[in-house]
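K.L.:
Fold the following for me, if possible:
(2 chains)
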2 protein chains.
Amino acid sequence: MNLRESAKGRIRCGELGEDRLISALVASLKAHPGVIAGPGDDCAVVDGAGAGELLLLKTDCVVEGVHFLPNEKPTAIGWKAMARTLSDFAAMSGRPRYALITLVAPREREARWTLELYRGLRSVADRFSVAIVGGETSSTAGPVVISISATGTVEKERWVSRAGGEAGDALFVTGKLGGSIRRKHLNFLPRIEESRWLTKHFRLHAMMDLSDGLGADLPRLAQASGVGFEIDERALPRTRGCSIAQAINDGEDYELLFALSPNDAAKLAVQWRKKFPQLPLTRIGHFTASSESAPPPSFHGFLHFS
Amino acid sequence: MNLRESAKGRIRCGELGEDRLISALVASLKAHPGVIAGPGDDCAVVDGAGAGELLLLKTDCVVEGVHFLPNEKPTAIGWKAMARTLSDFAAMSGRPRYALITLVAPREREARWTLELYRGLRSVADRFSVAIVGGETSSTAGPVVISISATGTVEKERWVSRAGGEAGDALFVTGKLGGSIRRKHLNFLPRIEESRWLTKHFRLHAMMDLSDGLGADLPRLAQASGVGFEIDERALPRTRGCSIAQAINDGEDYELLFALSPNDAAKLAVQWRKKFPQLPLTRIGHFTASSESAPPPSFHGFLHFS
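P.N.:
All right, here's what the predicted structure looks like:
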């Protein structure tokens, strides 16, 4: 399937797949001065911040029935919506600063529910010193949609894209993978503190946050860097009770996946244990020259729209 | 009805009304350094831009069945979604620069529809040199939701809030009011060029864009400025075929409403006619001391969530 076929209008979004649909949309956009990294990375990176800094822009949404169940507690839904967005700033070692909230909800939704939702949104925002500076509400005949857009900054010399990985780089993940749906997806902490510490002390080559599962996300990181990868599946840090396949494919881990020179790997492991003794950091494999390896068949991950 | 009642959870959003719900949510937010104007104005105004400038942040959404009909052309829907957002930058005399797009659509929606929607979004963005730098798609079991978030800048000495109006100020509106639903709401031009020209040559005291109708929006402008107003209803510039009531209450005009010193009013009228001969500018009344006047009963406007 290619862009030409999709333009005929016979392909539906569900068939096209999110990555391909986005590729088609992106291909239609004009280049623009001031845009340093556009669609395809965790945040957009643009000019317009103060001296020595870049502006980071991100939008993310959660939909009732897709990202949370209708009977879920509104504070937990709010937490997840805000934490997901801030996790994309962690992915670039950025500092989120301001957020806007769009709430599309049925007219008969209780005001108490809405206030509780905001309590959840606020808990995460306050924890990371993010100011909620506005938003919008609208009614709908359908499920609730909560869309968060956030703006932040990163020092020019500290932002990490997906594209800088090199063959031979050591690959690390924070935390444990798999089983997020049991609870973690509603109360995880975006890895902002960890990500900021990493770029203060080490030169990372590439980084992203794991939202769709290592199986979907690692191939994206490798592709953006123009490299391949090899993973020791037995080394993957698994949530208690999860299989290797679950660790690879469940998704919604919101942990960091990053690449750096193998020469820095040993020093990183030692310093990390001192700084973050409660949070595992695991070397899971390495980048290879692009033709050397292909994703193993177990790497399908979770993709919206597919 | 007050915040205490709403917190009991017996009030539903539809009853609470958007303005009151937002007031309740805003009251729960923490003050934050760097925030110059938060919820309640057309855009949020924050620190973080380059020297001498302020950062403007805005999010806006359109919902199928609320803001557009399901059988509307996707290019027109895209145009409206983007133009509405940019109109809020015009309201502050700002320059929009970057936009992110969130599309929540049923899985079976055709890819062609989505590409056409983007064509509409792009047409407006390109016209005003706004870069679309990313976004997100998600599926839903309900109506389509398109949420746009945009970032822009304004020179510190040129931004215009809703709050600076003074008793005695002359009130002006651009264009003609009423009947937007017949076509204009799908192909209007945000008044960015006009707004930028205004603050280059005149000192405006307060400004906003008319999205919910003069009848809903003028009382908001007056309230934000702590003043009252008097309008000559017969002087209102009406779309051909529209009554005074329609000009006041239809909504979706996306024209500028602004206040400036009566000493500048005559000079403005002359210079405007030279610069924008095709676009009417009409003096519709003036601000009064706050206790002098109350909105006439015909001023109900159009409010979402009510």
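K.L.:
Nearest to chain B within chain A, name that residue for me.
P.N.:
With CB to the nearest CB, the shortest gap between chain A and chain B falls at A:Gly142, namely 1.5 Å. Where you see a C-beta, it was placed from the backbone N, CA and C, and this is true even at glycine.
K.L.:
give the contact list for that residue.
P.N.:
By CB atoms under 8 Å, 6 or more residues apart in numbering or on different chains, A:Gly142 lies in contact with A:Pro106, B:Thr140, B:Ala141, B:Gly142, B:Pro143.
K.L.:
Can you classify it as helix, strand or coil?
P.N.:
Under the three-state scheme (DSSP: H, G, I helix; E, B strand; the rest coil), A:Gly142 adopts coil.
K.L.:
Kindly report the same for the one 5 residues further on.
P.N.:
Counting by three-state DSSP, the backbone at A:Ser147 sits in strand.
K.L.:
cool, the one 4 residues further on as well?
P.N.:
The three-state assignment at A:Thr151 reads strand, by three-state DSSP.
K.L.:
now do A:Arg158
P.N.:
coil.
K.L.:
shouldn't it be in contact with A:His201?
P.N.:
No - using CB atoms under 8 Å, A:Arg158 makes no contact with A:His201, being 10.9 Å away.
K.L.:
quick one: which helix or strand includes the residue of chain A positioned farthest from its centre?
P.N.:
What lies farthest from the middle of chain A is A:Glu108; by CA atoms, centre = their mean that is 32.5 Å. Here A:Glu108, judged by DSSP states H and E, is contained in no helix and no strand.
K.L.:
so how far is A:Val62 from it?
P.N.:
20 Å (CB to CB, to the nearest Å).
K.L.:
got it, and A:Glu193?
P.N.:
23 Å.
K.L.:
And A:Pro96, by the same measure?
P.N.:
17 Å.
K.L.:
Neighbour count for the two, which is higher?
P.N.:
Neighbour count, other CB atoms under 10 Å in any protein chain shown: between A:Pro96 and A:Val62, A:Pro96 has more, with 27 against 21.
K.L.:
Wait, the more buried one touches A:Arg84, no?
P.N.:
No - between A:Pro96 and A:Arg84 there is no contact, the gap being 11.7 Å when judged by CB under 8 Å.
K.L.:
For the residue sitting nearest the centre point of chain A, list each beta-bridge partner.
P.N.:
Note on chain A: the residue nearest the mean C-alpha position is A:Asp209, at 3.9 Å, using CA atoms, centre = their mean. Taking DSSP bridges as the rule, A:Asp209 bridges to A:Leu256.
K.L.:
Against which helices or strands is the host helix or strand of A:Glu193 packed?
P.N.:
In this structure, A:Glu193 sits in helix A:192-201 according to DSSP H and E. Contacts defined by 3 or more CB pairs under 8 Å, 6 or more residues apart in numbering or on different chains; DSSP states H and E place helix A:192-201 against helix A:74-90, strand A:95-105, strand A:204-209, strand A:256-260.
K.L.:
Turn those into JSON lines, columns for distance to B:Leu236.
P.N.:
Listed next are the helices and strands packed on helix A:192-201 as JSON lines, based on distance: least, CB to CB, whole Å:
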{"stretch": "helix A:74-90", "distance to B:Leu236": "42"}
{"stretch": "strand A:95-105", "distance to B:Leu236": "32"}
{"stretch": "strand A:204-209", "distance to B:Leu236": "52"}
{"stretch": "strand A:256-260", "distance to B:Leu236": "57"}
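K.L.:
In a markdown table, list those along with mean pLDDT.
P.N.:
Converted to a markdown table, these look like this (pLDDT from 0 to 100):
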| stretch | mean pLDDT |
| --- | --- |
| helix A:74-90 | 96 |
| strand A:95-105 | 95 |
| strand A:204-209 | 98 |
| strand A:256-260 | 98 |
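K.L.:
do you know which of these lies nearest B:Val26?
P.N.:
Nearest to B:Val26, of all the helices and strands packed on helix A:192-201, is strand A:95-105, at 11.1 Å by CB to CB.
K.L.:
now that closest one: how far from the chain's centre is it?
P.N.:
Strand A:95-105 has its C-alpha centroid displaced from the chain centroid by 16 Å (CA atoms, centre = their mean, to the nearest Å).
K.L.:
right, and the helix or strand after it?
P.N.:
Taking DSSP H and E, what comes next after strand A:95-105 is helix A:111-127.
K.L.:
name the helices or strands packed onto that next one?
P.N.:
So helix A:111-127, by 3+ CB pairs under 8 Å, 6+ apart, packs with helix A:74-90, strand A:95-105, strand A:131-139, helix B:3-7, helix B:13-16, helix B:18-27.
K.L.:
so does the second one get close to chain B?
P.N.:
Spelled out, it's strand A:95-105. Yes - counting by CB under 8 Å from any CB of the partner chain, chain B has neighbours in strand A:95-105: A:Arg97, A:Tyr98, A:Leu100, A:Ile101, A:Thr102, A:Val104, A:Ala105.
K.L.:
Pull out the buried positions in stretch A:59-76.
P.N.:
A:Thr59, A:Asp60, A:Cys61, A:Val62, A:Val63, A:Glu64, A:Val66, A:His67, A:Phe68, A:Pro74, A:Thr75, A:Ala76 (16 or more other CB atoms under 10 Å in any protein chain shown).
K.L.:
try stretch A:82-96
P.N.:
By neighbour count with 16+ other CB under 10 Å, stretch A:82-96 contains the buried residues A:82-96.
K.L.:
tell me which of those is nearest to A:Thr174?
P.N.:
Nearest to A:Thr174 among those, with distances taken as CB to CB, is A:Ala90, at 9.6 Å.
K.L.:
Now for the closest one: which residues touch it?
P.N.:
Counting by CB under 8 Å, 6+ apart, A:Ala90 has contacts A:Pro190, A:Arg191, A:Ile192, A:Glu194, A:Ser195, A:Asp209, A:Leu256.
K.L.:
For A:Ala167, see how far away it is.
P.N.:
To A:Ala167, A:Ala90 is 25 Å away according to CB to CB.
K.L.:
can you redo the buried residues of stretch A:59-76 as TSV with secondary structure and distance to A:Ala24?
P.N.:
Below are the buried residues of stretch A:59-76 laid out as TSV (DSSP: H, G, I helix; E, B strand; the rest coil; distance: CB to CB, whole Å):
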residue	secondary structure	distance to A:Ala24
A:Thr59	strand	19
A:Asp60	strand	21
A:Cys61	strand	20
A:Val62	strand	24
A:Val63	strand	22
A:Glu64	strand	27
A:Val66	coil	22
A:His67	coil	24
A:Phe68	strand	29
A:Pro74	helix	36
A:Thr75	helix	38
A:Ala76	helix	35
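K.L.:
Output those of these also counted as contacts of chain B.
P.N.:
A:Thr59, A:Asp60, A:Cys61, A:Val62, A:Val63, A:Val66, A:His67.
K.L.:
Skip the chain neighbours and tell me the closest residue to the fourth one.
P.N.:
Spatial nearest neighbour of A:Val62, excluding adjacent residues (CB to CB, 6 or more residues apart in numbering or on different chains): A:Ala81 at 4.7 Å.
K.L.:
my guess is that neighbour contacts A:Ala150, does it?
P.N.:
No - using CB under 8 Å, A:Ala81 makes no contact with A:Ala150, being 10.9 Å away.
K.L.:
Tell me which of these two has more neighbours.
P.N.:
A:Ala150 (28 against 25).
K.L.:
on that earlier part again, what angle do the helix holding A:Glu193 and strand A:95-105 make?
P.N.:
On the basis of axes from the mean of the first three to the mean of the last three CA atoms, to 10 degrees, helix A:192-201 is oriented at 150 degrees to strand A:95-105.
K.L.:
In chain A, where is pLDDT below threshold?
P.N.:
Scanning chain A with the threshold set as pLDDT under 70 gives A:1-19, A:22, A:291-306.
K.L.:
Please parse it into its domains.
P.N.:
According to automatic domain parsing, chain A comprises the domains A:1-30, A:33-155, A:170-289.
K.L.:
Pretty sure A:Gly179 sits against A:Ile248.
P.N.:
No - using CB under 8 Å as the test, A:Gly179 is too far from A:Ile248 to be in contact (11.9 Å).
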